Structures are given as structure tokens and as C-alpha cells.
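K.L.:
Got a sequence here, can you model it:
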Amino acid sequence: MSTPHPPIPDEGDDLLAAEYVLGVLSLPERLAAEARLRDDPAFAARVAAWTAHLSPLDADYPEVPAPNLLPQIEARLFGRAEPAARRGWGRSVGRRWLLGGLGAGAAAAVVGVFLARPGKPPMLTAEIATANGALIFQARYDAGTHVATITRTKGQGPGAAKDYQLWVILPGKAPSPVALVSAPRLRVTLPKLVAGDTLAVSLEPAGGSPNGKPTQVLGAGVLTRA
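P.N.:
The predicted model follows:
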């Protein structure tokens, strides 16, 4: 039996999708909306449509590189920054002092963090479906190789002079066209994606979107760990 989602204010799915894209929901409301994104294809499609509609606003807010805080962190941990020739020695002494002040178990845990190998990148999956369930795509994305397999598991092709197109939607970004998915199965290399990112499928004129934006969003799905 599935777990019921937390309550969402009854203000209409379209308004809720817009507020989710704008980032103005409270934390409980946002978590509830994200739960619906995983299970409700119609709501996911609304979110994808609002993301595309509001994406021109991003042009007013250029990306700003994050400040390099590492020197400040190291200065607080190991004392005042030293000349480059002695910096490696100072860090080594600082780390020995830090480990020496810890219990044996805690020191072993710290060493383990430095030596542990990263785990195998996860496999992510998403279901992309139309609101009526007549057309369904299953997506499997290997986070290690960045290769995705998109399979149409239900429904027919796009018809004459039309194509299905796959889109990647990252938080705060405009939808990005990836590839045509009119064939029943496609393997394609995607950008680096993580759980929570969104894939969407649109119906386009033959050859794909003429303007770099989705013409008709058919459905969207959020990537989750397999």
C-alpha cells in the first residue's frame, strides 16, 4: 500500500506548479510537491511547462562563481597561512596534531574518510508519461557513464511530420533539448545528472523544436535511484 502524500494547499495544480518553479513554497509544501512530481505525470508536465515559460527570467541573474573558501578553512584548522614552500609541511604537521588530539577510534574514522574509495555511481530511473497514460517512456540513466536508455513502453510513434523530443530540466535552468526519441528505443549520452533532476518529452515538428523551447510538453519525470 502506497504512503499518502502530505497535504498540499488546494490552490490549483497550475498555480502550485508555478510556485514550485519560482521557489516560493514553504519546505513542507515543496516536499509534498516533489512527491507529486515522482507519482503524478500530469503535475510533472505542468512543472516542466512553467519551467520553460519562466526560463527567460534567468537572463537577468547571471551565474556568479562561488568564492574560494578553502584558504580560510585551512587557516582556521591549521593556523595562519604559510609560504608556498612550507605549506605542504605545515598541513602535514597540522593534520598530525589534529589526529593526535582525537581518540584512537575517532582518528581511525578521520583516516578512513581520506582513504575511502567512492562508491559505484548509482543507476537513476524515471517514468515519463502523458496525463492519460496513453504514452509512456521509461528512462534509465547511468550516473557513472552519463549514458541514458530511453524506451517507449506504451503508445505509438509521433505520426507524420512530427517527432518526440527529450529534454533535460535542471533546477533553476531552462529546459535543454537532448535528442529525438521517436524510435522505440534510444541510447544517448546526457549531461551529468543527479537524483531530483527532470527529464521531459515534447511533441515537435519533424526534426525537433524550431526555437530551442518545448512546443508541446507531453510528460515529465523526476530521476530517482533505481
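K.L.:
Now Ala139. Nearest residue, chain neighbours left out?
P.N.:
Leaving out its chain neighbours, the residue that sits closest to Ala139 by Cβ to Cβ, 6 or more residues apart in numbering is Ala126, at 4.5 Å. Backbone N, C-alpha and C define where each C-beta goes, glycine included.
K.L.:
The one you found belongs to a strand?
P.N.:
Yes. Counting by DSSP: H, G, I helix; E, B strand; the rest coil, Ala126 is located in a strand.
K.L.:
residues in contact with it?
P.N.:
Shown here is Ala126, whose contacts under the criterion Cβ atoms under 8 Å, 6 or more residues apart in numbering are Gln138, Ala139, Tyr141, Thr198, Leu199, Gly221, Val222, Leu223, Thr224.
K.L.:
So for the helix or strand hosting Leu15, mean pLDDT?
P.N.:
If you go by DSSP states H and E, Leu15 is part of helix 13-22. Averaged across helix 13-22, the pLDDT comes to 83.
K.L.:
Which other helices and strands does the helix or strand just after that helix contact?
P.N.:
Downstream of helix 13-22, the next assigned helix or strand under DSSP H and E is helix 27-39. Applying 3 or more Cβ pairs under 8 Å, 6 or more residues apart in numbering; DSSP states H and E, we find helix 27-39 packed against helix 13-22, helix 41-54, strand 216-222.
K.L.:
Of all the residues in the helix holding Leu15, which ones are buried?
P.N.:
For helix 13-22, the neighbour count (16 or more other Cβ atoms under 10 Å) marks Asp13, Leu16, Ala17, Ala18, Glu19, Tyr20, Val21 as buried.
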